[in-house]
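> Provided below for reference: sequence and predicted model.
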Amino acid sequence: MACIIKVDDVVTRFGDRLVHDGISLNIASGEIYGLLGPSGCGKSTLMREMILLEPVQSGSIRLFGDDVSALSHGEEQWLRGRWGVLFQSNALFTSLCVAENIALVLKESTTLSPVMIDEVVAFKLDIVGLSQRDGELYPSQLSGGMKRKVALARALAIDPTLLFLDEPTSGLDPISAREFDALILRLRDMLQLTIVMVSHDLVSIRTTLDRMAVMDEGRIAAEGTLEEVLQVDNPFIRSFFGGVSV
Amino acid sequence: MAHLKVIREDSTLRLHCSGRWDALRLASVIETMQAEVLPIRNTVITFDLDAITHFDTAAALLLHRDIRTLEANGNEVTLKIEDSAVRRMFEMVGRHAHPEATFVTKMPGMLESVGVATVEFIQDTKGLLAFVGETSWTFVRLFSSPRTFRWREMLFQMNESAIKALWIIALTMFLVGVVVAYQSAVQLKTYGANIFIVDMLGISILRELAPMLTAIVVAGRSGSAFAAQIGVMKMTEEIDAMRTMGLDPFAFLVLPRILALMVMMPVLIFFADVAGVVGGMVVANIELDITMTLFLERFREAVDIKHFWVGMIKGPFFAAFIAFIGIYRGMLVKSDTESIGLNTTKSVVEAIFAVIILDAFFSIIFTNLGF
């Protein structure tokens, strides 16, 4: 399996607080990889560094083989066309309707005709399990589960090969959350995605993740499959996975 | 890049597709399709997809659509797909496609826009009245339990929305004083009526200019801040949280802001008066050789104290309108980001408009009363 993301000895410091104290990990093509750890351990910060929202202070992060801190503007834009990001708060554009939210990037960066864009939007709505009628609603008219699906459809707008999910099931009811897990697995197979997600949801960790990294006190406490991670003796892993049977 | 080559073989047509077919790189394919392929009628066409290195959903949807069009025009279309990934994508997309889908964003017609605007205006006015009523009722209730009044919040707002605006108001008014004095100096000089600049400046600044300009600066600076602050609190459900804790937002947020501005407005106007007159005095000294002593002596004789009071009395009324409109607009903010900008803008425009209307009323009333 080709390595899509390679994080090497990343150190991040906010003022006096050391967030990452030498983080290294590899994410292979086609896997669903989880970033786990107690709140405030820098999972989201690491993800933000990967998607060019925070600068890498020390160490290196390589995406598709390129060091993210040494890219020209054109290369950065090219990279942004290869991933999709789902934010924890969905970050839907409230002034645009659902279809426009999904169509925005298609309108701006492709030469597809409006009819074609509508068809692509309809397709994306279909694969995330939304109906065509939902396309004309505004974000304020949607339920939490639907918003999450729209945000996912928007992240998939230009068929990224890499998908970043920040706590995709948080704030969803258990039924929607399990539905979302199944959707993620289905889309991975359908669109051959590599998925990196930050998660706290034990069920979704067990059912969706292929491999994971557990971050604790700025370091990687454990990395590997769930079985491998459970072998590691670490206080966070003990309390977090307390009741999980593999 | 994605490529499409049209190859004619006797009566049949072979379309050789190659390269990366993804949404961002389809431009040349779309062009070739439109120009050379889609106009074809009654031909046997073969799409050869074997040289495609990457095939995404947008490309697959485009291909599906174009094949449908070609078949409708009487062509016979066959596909040559060896690569399993491309075939899988092509078939999967076919299962989920909605070729008829259109998403229309409704643009209201003129009649509808006028109707909506009218209804909104009526509702906004009614809402503002209800809002003023509720605030007044909170104010009245305050007398039964004066200890619950949020003094700290009020003092904070006095500092934020008035004292911090002092310098900009003083500077603005000083410059207005300079400009008015300079313009009139030229005219007065030709009549030899130099000394009357004192009467002119005194009356116009104290009565009209200082209160008006102060109100406009405060509306732009503090009225908009009220709308934005309250609007964000509304969006983040902070106001709802207060209500559920039994804390009245009118007592906590509305009343302290309104009273703070009403108390401080006359103070601001006083400073504006001083700055404006000083500005005029400087110009009178330079342009018309009227010394400061002479200027002030004439000021005491010519400018009646009633002009000062007329300006002062307007202050709290202007302040009330600015604060009410700002806070009410903040309360109208809904959960989308657009409404916060819209309501902040409206709060400033409406507050300035209200101040000008109010000033016109005061003009008529005071003149008729003989002030």
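Thanks, I have it. Residues are numbered from 1 along each chain as shown, chains lettered A, B, ... in the order given.
> Can you give me every residue that contacts the nearest residue to B:Leu253 once chain neighbours are set aside?
The shortest distance from B:Leu253 to any non-neighbouring residue, by C-beta to C-beta, 6 or more residues apart in numbering or on different chains, is to B:Ile230 (6.4 Å). (Glycine included, C-beta is placed from N, CA and C.) Contacts for B:Ile230 (C-beta atoms under 8 Å, 6 or more residues apart in numbering or on different chains) come out as B:239, B:253, B:326-327, B:330-331, B:333.
> between those residues, which has the most around it?
Neighbour tally across these (other C-beta atoms under 10 Å in any protein chain shown): the maximum, 33 neighbours, falls on B:Gly326.
> residues touching it, list them.
B:Gly326 sits next to B:219, B:222-227, B:230, B:257, B:347, B:351 when contact means C-beta under 8 Å, 6+ apart.
> out of the residues you listed, which is most surrounded?
Busiest of the contacts of B:Gly326 [other C-beta under 10 Å] is B:Gly223, holding 33 neighbours.
> I'd assumed that one was in a strand, is it?
No: using DSSP: H, G, I helix; E, B strand; the rest coil, the assignment for B:Gly223 is helix, not a strand.
> for the residue nearest to B:Leu206 when sequence neighbours are not counted, what are its contacts?
Distance criterion C-beta to C-beta, 6+ apart; nearest residue to B:Leu206, sequence neighbours excluded, is B:His307 at 4.4 Å. By C-beta under 8 Å, 6+ apart, the contact set of B:His307 is B:202-203, B:206-207.
> hmm, 6 Å instead?
B:203, B:206-207 (C-beta atoms under 6 Å, 6 or more residues apart in numbering or on different chains).
> which stretches of the chain have low pLDDT?
Went with chain A since none was named. A:1, A:243-246 (pLDDT under 70).
> let's do chain B instead
Chain B contains no residues with pLDDT under 70.
> which bits of it sit near chain A?
B:23-24, B:27, B:56-58, B:61, B:92, B:96-98, B:101-103, B:335-338 (C-beta under 6 Å from any C-beta of the partner chain).
> Just the buried residues out of these, in PyMOL syntax.
Buried residues within the residues of chain B next to chain A, by 16 or more other C-beta atoms under 10 Å in any protein chain shown, are selected in PyMOL with:
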select buried, chain B and resi 23+24+56+57+58+61+92+97+98+101+103+336
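> Pull out the buried positions in the helix or strand hosting B:Gly341.
In the assignment (DSSP states H and E), B:Gly341 maps to helix B:337-369. Residues B:339-340, B:342-344, B:346-352, B:354-355, B:358-359, B:362, B:366 are the ones in helix B:337-369 that count as buried (16+ other C-beta under 10 Å).
> about what we covered before: quick one: the residue nearest to B:Leu206 from A:Glu217, how far?
Separation of B:His307 from A:Glu217 (C-beta to C-beta, to the nearest Å) stands at 72 Å.
> Can you list the residue ranges for helices in the stretch 201-350 of chain B?
In the stretch 201-350 of chain B, the segments counted as helices under DSSP state H, counting those that start in this stretch are B:210-218, B:224-235, B:238-244, B:249, B:255-288, B:292-302, B:305-331, B:337-369.
> Lovely, talk soon.
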